[in-house]
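> fold the stuff below for me.
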Amino acid sequence: MRRRVVVTGIGCVTPLGNDVDSTWDSLKAGKSGIDYITHFDASGFPTKFASEVKEFQLGDYIDNPERFQHAGRNIRFAIGAAVQAMKSSGLEIENEKFDPTRFGVYLGAGEGQQDFFLFMQLIANAQKNGEFDMEQFTREGLERLNPNEEREQEPNMPAGHLASIFNAQGPNLNCLTACAASSQAIGEASEIIRQGDADIMMSGGAHSMIHPFGVTGFNLLTALSTRNDNPQAASRPFDKERDGFVLGEGSGILILEELEHAQARGAQILGEIAGYGSTADAYRITDIHPEGRGGTGAIKMALKDAGINTDDVDYINAHGTSTAVNDKVETLAIKQALGQDAYKTPVSSTKSMMGHLIAAAGSAEAIVCLLTMQDDIVPPTINYSTPDPNCDLDYIPNELRERKVDHALSNSFGFGGQNISLILSRFNG
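The predicted model follows:
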């Protein structure tokens with residue numbers, strides 16, 4: 001029999017709150033975390049707003065925050081979310097009531113931030129008589145760039161730090177498949193447990209791209225909303241007037257555990273990772289396949305892996321970015337995968353409130369799916385006012401809905417054509 005994977009702990013740091021309860025309360029209330037950018041002066045950018053984490057202090061989670069003085073926001077968010085998740089799980093690191101060599105980490109975490117202004121100054125200083133002096137740039141860079149901060153930019157660093165903090169001596173991995181990364185990490189971490197290579201995996205993601213390079217890049221791709229006069233209304237998934245996504249930041253961390261291992265220690269089980277589907281569009285780097293073949297395949301694969309039928313899905317947390325193409329094609333993929341049952345299944349995009357956490361998006365949304373089972377409530381898609389004929393499903397417009405959820409589908413479709421679908425299910429023994 002296949003080893004079953006359950007969730008025994010969750011933690012998150014998001015633009016809607018620096019813990020699970022505050023984030024969930026904001027989602028149920030239909031509250032937006034989007035506002036004008038404060039991390040840097042964005043007044044000259046086409047998009048002047050984002051969804052920032054607010055009032056986050058690492059010292060609220062650990063006793064020695066100075067250890068991470070050179071770490072970027074992504075690492076700090078990951079630590080904050082992981083501390084919450086471990087506390088939620090009841091795992092006792094100090095007493096080592098489990099085998100640390102059977103405890104691993106698998107994240108979908110993004111890169112850290114460059115010191116943008118120093119980097120630009122180095123480039124400016126290397127301009128001589130209209131030409132770029134590479135020798136000058138290199139020499140000054142070696143003198144002025146902080147090696148500790150440069151090291152902390154690497155995408156593998158969050159996973160390494162979490163392993164060190166929690167003595168996780170098992171498999172340690174990170175993937176960076178754009179917007180699908182943390183959902184892929186959860187799926188792959190579950191497979192590691194299923195195949196017997198670990199009993200516990202800390203999984204999820206962390207990312208922050210709210211910096212000049214990040215905003216510039218997405219503006220160049222024309223992917224961001226430019227609704228600068230009303231940021232809170234800018235993320236409007238599936239609405240006909242949508243004009244792009246809103247960049248966010250944060251972290252979501254889940255403790256995944258083999259069922260019998262969790263039961264043996266009397267852990268509270270929050271849900272089960274029942275199904276995992278992973279496909280590639282094999283099309284274009286920045287464009288979804290217009291027929292939704294990758295998303296359709298991922299959903300069908302996850303349903304098959306979970307052993308459930310299309311009419312068993314009670315709620316879908318959509319990728320739902322609020323871009324014209326994504327929402328249209330994701331709607332098509334859901335209909336192709338679920339058939340007529342798609343019209344009976346409520347769908348919402350919590351990105352309408354949280355923004356798009358990029359690599360961390362899927363893990364935060366997986367946590368939302370678990371919370372829907374806990375409270376029998378599905379969160380809304382806010383800012384939905386003008387129906388789009390190409391998006392004709394039930395998107396839970398503007399207000400939460402009471403509904404029992406036994407099986408939730410969470411979609412994460414990333415730049416480059418990566419598609420991940422997860423089935424999270426109520427644990428029934």
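> can you tell me the closest non-neighbouring residue to the residue nearest the centre of the chain?
With distances taken as C-alpha atoms, centre = their mean, residue 361 lies nearest the centre of the chain, 1.9 Å away. Using C-beta to C-beta, 6 or more residues apart in numbering and skipping residues adjacent in sequence, the residue nearest residue 361 is residue 179, 5.8 Å away. Glycine gets a C-beta too; all of them are placed from N, C-alpha and C.
> pull the residues that contact stretch 290-301.
275-283, 288, 319, 329-330, 332-334, 336-338, 409, 411, 413, 417, 419-421 (C-beta atoms under 8 Å, 6 or more residues apart in numbering).
> residues of stretch 76-91 that come out buried?
By neighbour count on 16 or more other C-beta atoms under 10 Å, the buried set for stretch 76-91 is 76-86, 88-89, 91.
> partners of the nearest residue to residue 180 once chain neighbours are set aside in the sheet?
Leaving aside its sequence neighbours, residue 180 sits nearest to residue 414 (C-beta to C-beta, 6+ apart; 3.6 Å). Beta-bridge pairing for residue 414 (DSSP bridges): residue 418.
> contact partners for residue 414?
Contacts of residue 414 by C-beta under 8 Å, 6+ apart are 177-181, 420.
> picking up where we left off before, okay, and the residue nearest to the centre of the chain sits in which element?
Here residue 361 sits within helix 361-375, counting by DSSP states H and E.
> just the CA trace of that helix, in CSV.
Extracted C-alpha coordinates of helix 361-375, given in CSV (Å, rounded to 0.1, in the frame of the first residue of the first chain):
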residue,chain,number,x,y,z
ALA,A,361,1.9,31.6,-4.0
GLY,A,362,1.0,27.9,-4.3
SER,A,363,2.0,27.1,-0.7
ALA,A,364,-0.1,29.9,0.7
GLU,A,365,-3.0,28.8,-1.4
ALA,A,366,-2.7,25.2,-0.3
ILE,A,367,-3.0,26.4,3.3
VAL,A,368,-6.1,28.3,2.3
CYS,A,369,-7.6,25.0,1.0
LEU,A,370,-6.9,23.3,4.3
LEU,A,371,-8.6,26.1,6.2
THR,A,372,-11.7,25.8,4.0
MET,A,373,-12.1,22.2,5.4
GLN,A,374,-11.5,23.4,8.9
ASP,A,375,-14.3,26.1,8.8
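> gap between it and the chain center?
Centroid separation for helix 361-375 versus its chain: 11 Å, with C-alpha atoms, centre = their mean, to the nearest Å.
> now swap in stretch 346-356 and tell me
12 Å.
> kindly report the same for stretch 6-25.
Distance, centroid of stretch 6-25 to centroid of chain: 12 Å (C-alpha atoms, centre = their mean).
> what is the end-to-end distance of that stretch?
24 Å (C-alpha to C-alpha, to the nearest Å).
> excluding its backbone neighbours, what's nearest residue 345?
residue 313 is the one closest to residue 345 (C-beta to C-beta, 6+ apart), at 5.4 Å.
> count of residues packed around that neighbour?
Residue 313 has 27 neighbours, counted by other C-beta atoms under 10 Å.
> my guess is it contacts residue 341, does it?
Yes. Counting by C-beta atoms under 8 Å, residue 313 does reach residue 341; the two are 7.2 Å apart.
> please tell me how far the residue located most distally from the centre of the chain sits from residue 136.
Distance from the C-alpha centroid of the chain, by C-alpha atoms, centre = their mean, peaks at residue 129 (45.7 Å). In this view, residue 129 and residue 136 are 12 Å apart by C-beta to C-beta, to the nearest Å.
> and the closest residue to residue 387 other than its chain neighbours, how many neighbours does it have?
For residue 387, ignoring the flanking residues on the chain, the nearest one in space by C-beta to C-beta, 6+ apart is residue 240 at 6.4 Å. Residues lying near residue 240 (other C-beta under 10 Å) number 15.
> test my guess that residue 240 contacts residue 384.
No. The criterion here is C-beta under 8 Å, and residue 240 misses it with residue 384 at 9.7 Å.
> overlap in contacts, the two.
Contacts common to residue 240 and residue 384, judged by C-beta under 8 Å, 6+ apart, are absent.
> can I see the domain layout of the chain?
Using automatic domain parsing, the domain parsing of the chain gives 5-113+153-425, 116-146.
> show me which positions of the last one end up buried.
Think domain 116-146. 119, 122, 126, 137, 140-141.
> repeat that for stretch 64-75.
68, 71-75.
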